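Enquirer: Everything below, folded, please.
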Amino acid sequence: EKTFGKNLPLATLLEAPTVAQLVTFLDREGESDLWSTLVPIQPHGSKPPLFCIHGAGGNVLMYRELVPYLGPEQPIYGIQPKGLDGHETPLNRISEMAAVYVKEMRDLQPQGPYYLAGLSAGGLIAFEMALVLQSQGQQVAMLALIDPHAPGYPKLLPVVPRLLSLLPYAAYHVAKTSPSRISKIIRAKLKRDDSKSKPAASHVATNGDLQHNEQLEELANTEVTIDNNRNLPRKLNSFKERLEYFSLWLLKFTPWAFLVPRFYLEEASSLPDSLQKIQKANVEAMLTYKPQVYQSKAILFRASEQPPGCYRDPKLGWASLVAQGLEIYDIPGYHSESLLYVEQSVRVLGKQLKVCLDKAIARERGV
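Expert: The predicted structure follows:
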């Protein structure tokens with residue numbers, strides 16, 4: 001952007017990986033030509049394409065890690081969010097995203113069967129896209145949900161067993177965290193900043209997940225301020241409230257900090273404005289999503305490490321939303337931080353996803 005005066009998404013590197021290709025890309029007339037929701041990760045191959053949906057961060061580059069395992073004959077397209085250019089307003093409802101993405105996907109492939117996959121929040125969007133496609137009379141041959149939590153999941157344990165569950169995880173991950181990182185987290189939480197506004201979507205109550213009631217939602221999204229007399233957060237007036245807040249604060253030291261929207265958005269505060277807006281819109285979309293029942297089956301790739309301090313559900317809350325059941329596979333690792341970035345996790349996920357794709361394609365071809 002500094003050199004050429006044009007704002008390009010990271011996914012441009014997939015379309016124009018060489019300097020010569022990038023020059024050709026930049027020579028296109030009109031800024032709008034540079035932007036597309038569909039990103040060709042691997043556009044060539046004899047098989048029907050796999051469409052991989054962005055997560056809350058808006059990134060689709062991570063899906064390129066699957067290419068070596070899915071093989072050269074498997075086309076792969078990423079679907080990235082509106083607003084990455086910093087000009088369009090990001091969509092903040094899953095239903096809106098699904099409608100736009102299905103239209104653009106069908107511009108490329110007018111008729112099914114379709115093969116969909118989504119990691120984390122991308123799983124929610126892929127789920128809604130499958131519902132839209134079914135409502136249009138289209139066949140969804142495979143819906144792969146990569147460790148997304150269904151709306152309302154996970155549900156918190158009572159505060160004391162929650163703390164007992166969280167403390168060992170927090171201690172383990174604190175031991176692996178640099179002192180400067182720990183200091184930064186503590187200073188951020190104790191900083192007096194009454195004037196700072198709450199993040200978008202802070203008003204949304206999710207009725208049962210980590211913001212399991214309006215009071216806890218308020219606590220989780222409150223900017224912590226210090227009462228000089230008591231040296232405690234002013235808005236946490238009861239012992240129970242302090243325990244509730246402390247139990248959530250411990251999540252900052254585990255791989256599951258993203259489960260508290262407040263913490264997730266704090267982590268995004270150093271990103272460019274366009275990405276911050278994307279992430280805030282995606283968080284709001286997740287918190288307000290109320291899906292219908294999917295009248296088919298789905299594949300659930302589940303991270304082997306699930307969040308502490310919560311009631312365990314091996315189906316991650318999806319059982320009542322998938323009419324024909326879930327086919328479940330465990331992938332080693334912690335959610336999105338490892339499932340597509342750690343070699344062992346990517347290898348297991350990629351190989352099993354290829355098996356599922358091949359079976360679904362063979363089934364549709366009557367083989």
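Enquirer: CA only for contacts and neighbour counts going forward, please
Expert: OK.
Enquirer: the strands in the stretch 151-300 of the chain, which residues?
Expert: Along the stretch 151-300 of the chain, the segments classed as strands by DSSP state E, counting those that start in this stretch run 298-303.
Enquirer: Low-confidence stretches in it?
Expert: 173-174, 176-237 (pLDDT under 70).
Enquirer: try it again with 80
Expert: Counting by pLDDT under 80, the stretch 151-300 of the chain has low-confidence residues at 169-245, 247-255, 257-258, 262-264, 266-270.
Enquirer: same check, this time on the stretch 1-150 of the chain
Expert: In the stretch 1-150 of the chain, residues with pLDDT under 80: 1-35.
Enquirer: could you show me where the helices are in it, in order?
Expert: Remark: helices assigned in the stretch 1-150 of the chain by DSSP state H, counting those that start in this stretch are 12-15, 19-26, 67-70, 94-108, 121-135.
Enquirer: So which of those is nearest C356?
Expert: Closest approach to C356 among the helices of the stretch 1-150 of the chain (Cα to Cα): helix 67-70, 10.4 Å.
Enquirer: ok, and for stretch 303-313, which residues are buried?
Expert: By neighbour count, with 16 or more other Cα atoms under 10 Å as the criterion, the buried positions of stretch 303-313 are A303, S304, Q306, P307, P308, G309, C310, R312.
Enquirer: rewinding a little: highest average neighbour count across the helices of the stretch 1-150 of the chain?
Expert: helix 121-135 (a mean of 24; mean count of other Cα atoms under 10 Å).
Enquirer: Give me the residues contacting it.
Expert: 52-56, 94-95, 97-99, 101-102, 116-118, 139-140, 143-148, 150, 282, 286, 291-292, 294 (Cα atoms under 8 Å, 6 or more residues apart in numbering).
Enquirer: count of neighbours near the nearest residue to P43 once chain neighbours are set aside?
Expert: Setting aside the residues directly before and after it, P43 is nearest to P75 in space (Cα to Cα, 6 or more residues apart in numbering), at 4.9 Å. Look at P75: counted by other Cα atoms under 10 Å, it has 20 neighbours.
Enquirer: For P75, give its distance to M105.
Expert: 13 Å (Cα to Cα, to the nearest Å).
Enquirer: ChimeraX command for the buried members of the contacts of helix 121-135?
Expert: This is the ChimeraX syntax for the buried subset of the contacts of helix 121-135, where burial follows 16+ other Cα under 10 Å:
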select :52,53,54,55,56,94,95,97,98,99,101,102,116,117,118,139,140,143,144,145,146,147,148,150,282,286,294
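Enquirer: one step back: mind giving me a markdown table with the helices of the stretch 1-150 of the chain and columns for distance to Y172?
Expert: Putting these into a markdown table (distance: least, Cα to Cα, whole Å) gives the following:
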| stretch | distance to Y172 |
| --- | --- |
| helix 12-15 | 37 |
| helix 19-26 | 44 |
| helix 67-70 | 32 |
| helix 94-108 | 35 |
| helix 121-135 | 27 |
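Enquirer: So for F239, which of these sits nearest?
Expert: helix 121-135 (34.0 Å).
Enquirer: Give me the buried positions along the helix or strand in which G350 is found.
Expert: Per DSSP states H and E: G350 is located in helix 343-365. When burial is assessed from 16+ other Cα under 10 Å, helix 343-365 yields the following buried residues: 345-354, 356-357, 360-361.
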